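**Q** Got a predicted structure plus its sequence, pasted below:
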Amino acid sequence: MQKNLQEAKNAKNDEFYTQYDYIQREINAYLEFDQDAFRGKTVLLPCNDLEHSNFTGFFAQNFEYFGLKKLISTSYAKNSNKQFTFQFYASELEKNSPKYDPAKTDTNGKIFILDRAANGTHRLDIHDLKWDYLQGDGDFRSPEVKALRDEADIIITNPPFSLFREFLSWIIEADKKFLIIGNINCITYKEVFPLIKDNKIWLGASGSNRDVVFEVPEDYEVSPSDRAKAEKLGYFGNYTTQRNTCWFTNLDHGRRHEPLILMNMADNMKFNKTIVKQGKKYFKYDNYDAIDVPVTQAIPSDYDGVMGVPVSFLDKYCPEQFEILGLTSGRNEFDKEAWPTKRYENALQHNSDGTTASGSKANTRATILLEDEPTGVYYTADNADGPFQIMYARILIRWKQPPEQRI
Ligand SMILES: C[S@@+](CC[C@H](N)C(=O)[O-])C[C@H]1O[C@@H](n2cnc3c(N)ncnc32)[C@H](O)[C@@H]1O
């Protein structure tokens, strides 16, 4: 039941439509880093209808400025998309065109193309977009969209949230450049984390620690607080906001080469509020050979061992500064320093109401032995030296820069 609810929720998030300024801000970061980032490239925007998606319009309008060779955008058929509840689907472009076919409008995907070679020498813009029906429904896994993927140099979109893993694997298997939107927690997926660890993919420039606005279908229940946040950001109507949203990419940008400026351990114990609050000390994990760093800013500049940091560290991750060793997922697939040092036997989760449940999570997270009497949820195990708590997912890192180069 819980799983069905979660699946329904994920599928609903498949209908989150990205706003223009969120796309613009991110794309600007790649252009600032390399003004020819998109020059001469064929860009594919899958999962984008022209009516509600801003990706197609944004890239068509900037076709000349970016120096694109070709822009291809594809949309997914209304009838294939069980979640699709936007009321008016056929765009004005489609309905006013002689190509408009009522028999195909709901069953076929569409393709929109702007092509330098096909359009001659005049300045191309959104009005030059040519469209047609796809033969199939526009599923990104279909042979015809796969062929477009293979033709493209760069793939950019906000893919359906429930198919994020599959979508990323679809890009990676074709060895393409890409920029896609997802949730920062996707970094813990086994299809994603090894790529992050090996610096084959990374987070975009915008950061995950802000409210991002999305347009949603009319029947989507937006919570009053999300609605209020969207309104505060200037979006009135069917809009929601989402935290922890970020871009995933393998295009380079300047943000990831900016090192963090950090204090040493002694200064953190004096000045970092979180470290002060937890007793002016860093805790050592019970099941990993590493210390816990509860906030990125508290990474000590003079600690050369392994450190566990929250996943939001990746917003600030500079590969010249730190090395990523692993994730506290309990899997023994990473470097030796990132392996758990023990597996708990007969682990039990103790709930606040006095009940107990399986404590299997103790073997998929970093843990800290409790110093005081337990309050709230805690864990025990036959081979633990006392009650312990489990941490949120932690990334295990180590300094890469030698001490004399650290700021
Ligand atoms: C999160 S929405 C984002 C839409 C648009 N890219 C944007 O950012 O505004 C994901 C889109 O993917 C489409 N979609 C869902 N499943 C798909 C599939 N299997 N293949 C292609 N598109 C799909 C949905 O119809 C939806 O329009």
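**A** Great, that's in hand. Keep in mind that what you see is a predicted model, and the values were worked out from it rather than measured.
**Q** Next, the contact list for the closest residue to residue 363 other than its chain neighbours, please.
**A** Nearest residue to residue 363 in three dimensions, chain neighbours excluded: residue 330, at 4.8 Å (CB to CB, 6 or more residues apart in numbering). To be clear about C-beta, it is placed using only N, CA and C from the backbone, and glycine gets the same treatment. When contacts are counted by CB atoms under 8 Å, 6 or more residues apart in numbering, residue 330 touches 340, 363-365.
**Q** With neighbour count, secondary structure and distance to the ligand as extra columns, can I get those in CSV?
**A** CSV is the format used below for the contacts of residue 330 (neighbours: other CB atoms under 10 Å; DSSP: H, G, I helix; E, B strand; the rest coil; distance: CB to the nearest ligand atom, whole Å):
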residue, neighbour count, secondary structure, distance to the ligand
340, 23, coil, 36
363, 19, helix, 34
364, 15, coil, 28
365, 21, coil, 29
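**Q** Nearest to residue 15 among those?
**A** Using CB to CB, residue 364 comes nearest to residue 15 of the contacts of residue 330, at 31.1 Å.
**Q** How about the contacts made by the closest one?
**A** 328-330.
**Q** at 7 Å instead, please
**A** Residue 364 makes contact with 329-330, according to CB atoms under 7 Å, 6 or more residues apart in numbering.
**Q** where does the protein dip in pLDDT?
**A** 1-13, 50, 82-90 (pLDDT under 70).
**Q** Now do the domain split for it, please.
**A** Here the domain parsing of the chain from automatic domain parsing is 2-256, 265-405.
**Q** Report whether the first one contacts the ligand.
**A** Yes: Domain 2-256 is in contact with the ligand by CB under 6 Å from any ligand atom, via 14-18, 47-48, 53-55, 76, 81, 84, 138-140, 157-160, 163.
**Q** I'd like to know which of those residues are part of strands.
**A** 17-18, 157 (DSSP state E).
**Q** mind checking how far stretch 116-129 is from the chain centre?
**A** 33 Å (CA atoms, centre = their mean, to the nearest Å).
**Q** And for stretch 382-398?
**A** 25 Å.
**Q** Next: stretch 117-132.
**A** Taking mean C-alpha positions (CA atoms, centre = their mean), stretch 117-132 and its chain are 32 Å apart.
**Q** Next one: the residue nearest to residue 363 from residue 360, what distance?
**A** Note on residue 330: its distance to residue 360, by CB to CB, to the nearest Å, is 9 Å.
**Q** same question, residue 289
**A** 22 Å.
**Q** so who does the residue in the stretch 251-400 of the chain that the ligand sits nearest to touch?
**A** Closest approach between the stretch 251-400 of the chain and the ligand, counting by CB to the nearest ligand atom: residue 251, at 17.5 Å. By CB under 7 Å, 6+ apart, the contact list for residue 251 reads 30, 37, 177, 179.
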